[in-house]
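Asker: Fold the following for me, if possible:
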Amino acid sequence: MSVKLIILSIAVFFCLYVAAGTDVSSNSPATIGKQLTEKQDKSDEIVLQGMLSSEEPNRRYPGQALSAYLLDDIIQVDFHLDVGLVQITITNEKGNTIYSEVVDSSIGQEIIYFSTLSTGIYSLTFDNGNSTMWGEFEINGM
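Answerer: As a prediction, the model looks like this:
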């Protein structure tokens with residue numbers, strides 16, 4: 001394999017890595033994926049109520065449209081059903097919105113970083129305009 005091809009492959013990989021929203025200053029993709037999988041096995045699943053519905057039966061997982069896991073200083077959201085654009089909102093005990101983002105559920109997974117949250121109970125809401133899912137999670141000092 002020529003040096004130019006290797007450099008081009010690395011550049012393409014780096015662009016895809018950054019486009020996926022990964023912090024390139026941390027670890028390699030293989031390490032991050034392995035860490036998330038290992039942490040998910042030991043994590044606390046956020047119990048969600050409600051239901052997100054879609055007009056298209058594009059299921060990746062039988063059951064609810066998504067699952068959310070609290071993993072140290074991140075929330076991992078796994079979309080099992082393409083329910084279109086989803087507004088993800090995190091609010092604190094006072095009702096203040098501390099995180100809000102619209103994501104495309106077809107991506108399959110969203111990682112929410114929150115290393116600055118203080119101790120307390122937070123609400124997590126997913127809304128696609130047709131229906132809503134919600135749950136609560138607790139941060140115990142960071």
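
Asker: any weak-confidence spans in this protein?
Answerer: Applying pLDDT under 70 to the chain flags the ranges 1-43, 55-63, 141-142.

Asker: Break the protein into its domains for me.
Answerer: If you go by automatic domain parsing, the domain ranges for the chain are 1-42, 43-142.

Asker: Is Val102 in contact with Glu110, as I believe?
Answerer: No - between Val102 and Glu110 no contact is recorded; they are 10.6 Å apart, counting by C-beta atoms under 8 Å. Bear in mind the C-beta positions are built from the backbone N, C-alpha and C, glycine included.

Asker: what about these two, which has more around it?
Answerer: Set Val102 next to Glu110 and count neighbours by other C-beta atoms under 10 Å: Glu110 wins out with 20 against 11.

Asker: between Val102 and Glu110, what contacts are shared?
Answerer: Ile88 (C-beta atoms under 8 Å, 6 or more residues apart in numbering).

Asker: and the residue lying closest to Glu138 once chain neighbours are set aside, what does it touch?
Answerer: Counting by C-beta to C-beta, 6 or more residues apart in numbering, Glu138 lies nearest to Ile121, which is 5.1 Å off, once chain neighbours are set aside. Listed by C-beta under 8 Å, 6+ apart, the contact partners of Ile121 are Glu93, Glu136, Phe137, Glu138.
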